[in-house]
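Chemist: Sequence first, then the predicted structure, then my questions.
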Amino acid sequence: MNRTEHLENFRQGFEKLKTALQQYPRQIFDYKPSAEKWSVREIIIHLADSEVNGYTRCRKIISEPGSSLMIYDQDSWADKLKYREQDIDNALDIVNYLRMQTYDLLKNLPEEIWANHAVHPERGKITLDDWLKIYSEHIDVHINQMNRNFNLWQKSKK
């Protein structure tokens with residue numbers, strides 16, 4: 001995908017997530033395929049936390065090129081922040097709001113800003129285009145994960 005396609009996929013991310021969630025009965029939201037796998041609820045809370053981090057990272061790349069980006073241990077966050085107990089609707093509101101705020105920022109950026117980069121401690125140099133690709137695809141990756149959970153849940157009921 002090119003930048004325009006990634007921007008459009010990024011913009012559509014929340015609607016795709018909402019559509020996916022409408023396909024699942026609420027009783028599967030806390031189903032875990034195994035102890036180490038996330039439930040749909042945990043995935044949604046992760047998406048909210050990831051969106052917060054992405055929101056900040058994007059702005060840091062734009063405003064402070066060459067700076068370092070914060071990393072976080074997503075499994076530790078899920079455990080220590082008790083994702084399994086958090087409210088799904090609040091998390092969805094966060095994803096929607098931050099995603100639209102960031103899309104509105106990105107859609108009219110001058111070309112030269114897209115070459116800005118920051119340094120991720122694990123991934124190295126990340127340009128704004130790199131950032132967009134990662135976050136454009138992030139919700140899609142987790143929709144696939146939720147679909148796998150749903151399919152496993154259906155099989156477990158037979």
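Modeler: Everything's here; your move.

Chemist: which ones are touching Ile43?
Modeler: The contact partners of Ile43, taken as C-beta atoms under 8 Å, 6 or more residues apart in numbering, are 142, 145-146, 149. From N, CA and C alone the C-beta is placed, and that goes for glycine too.

Chemist: ok, of those, which one's closest to Ala35?
Modeler: Of all those, Asn149 has the smallest distance to Ala35: 13.7 Å, by C-beta to C-beta.

Chemist: pretty sure the closest one is touching Ser39, no?
Modeler: Yes. Between Asn149 and Ser39 there is a contact at 7.0 Å, judged by C-beta atoms under 8 Å.

Chemist: if I look at the two, which residues touch both of them?
Modeler: 31-32.

Chemist: Looking at the contacts of Ile43, which one is closest to Arg84?
Modeler: Proximity of the contacts of Ile43 to Arg84 (C-beta to C-beta) peaks at Asn149, which lies at 13.6 Å.

Chemist: can you tell me the helix or strand for the closest one?
Modeler: Asn149 belongs to helix 128-156 when assigned by DSSP states H and E.

Chemist: Buried residues, that helix. List them.
Modeler: 128-136, 138-139, 142-143, 145-146, 149-150, 152-153 (16 or more other C-beta atoms under 10 Å).

Chemist: ditto for stretch 27-42
Modeler: Buried residues in stretch 27-42, counted by 16+ other C-beta under 10 Å: 28-29, 31-33, 38-42.

Chemist: Kindly indicate which of those lies nearest Gly124.
Modeler: Once C-beta to C-beta is applied, the member of the buried residues of stretch 27-42 that ends up nearest Gly124 is Trp38, at 26.9 Å.
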